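Student: Take a look and give me a structure for this.
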Amino acid sequence: MPFDINAFEPSVRDYHADWASLGLAWAVGPIHPNYGKALTSATFESVGLFAEISVWETGEAELESVRLTDGRIVNKHYDLASVAELDVILADLIALARDGAVPPDAVLAYVSDPRP
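Tutor: Prediction:
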């Protein structure tokens with residue numbers, strides 16, 4: 001049974017007060033057919049953080065982020081069984097942006113800043 005990715009944009013919008021309090025500019029993109037595996041995503045950007053959440057119609061989802069101050073990358077994969085589980089990803093992003101909290105089972109890495 002396909003996951004209802006149409007619910008993603010309203011779920012992100014429901015957290016508008018959190019995004020504003022964190023200084024995150026956000027945008028949700030359109031749904032793309034993506035070679036038969038439809039996908040939508042949202043980007044979140046502030047002075048110190050860039051993040052993207054991608055959600056597929058299969059229920060697969062990814063949270064990818066980079067903290068611009070030190071190049072810390074946090075990536076986490078989710079397998080969503082219901083639309084309500086979108087709140088888990090969004091709460092993980094809020095905790096990451098607000099407190100630097102790395103979600104359980106996330107992959108953590110650091111990269112050098114390529115800027116001079």
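Student: Skipping adjacent residues, who's closest to V107 in space?
Tutor: Once flanking residues are discounted, V107 sits nearest to N75: 4.7 Å by Cβ to Cβ, 6 or more residues apart in numbering. Using the backbone N, CA and C atoms, a C-beta is placed for each residue, glycine as well.
Student: Can you give me every residue that contacts N6?
Tutor: I31 (Cβ atoms under 8 Å, 6 or more residues apart in numbering).
Student: Just confirm it is within a helix.
Tutor: Yes - counting by DSSP: H, G, I helix; E, B strand; the rest coil, N6 is located in a helix.
Student: List the buried residues for stretch 12-30?
Tutor: 12, 15, 18-19, 22, 24, 26, 28 (16 or more other Cβ atoms under 10 Å).
Student: re earlier: am I right that the residue nearest to V107 is in a strand?
Tutor: Yes - counting by three-state DSSP, N75 is located in a strand.
Student: so it touches V102, yeah?
Tutor: No - N75 lies out of contact with V102 (Cβ atoms under 8 Å); the separation is 10.2 Å.
Student: Specify the local secondary structure of I94.
Tutor: helix.
Student: Tell me which helix or strand the nearest residue to it once chain neighbours are set aside sits in.
Tutor: With Cβ to Cβ, 6+ apart as the criterion, I94 has its nearest non-adjacent residue at 5.3 Å, and that residue is D18. Assigned by DSSP states H and E, D18 falls within helix 16-21.
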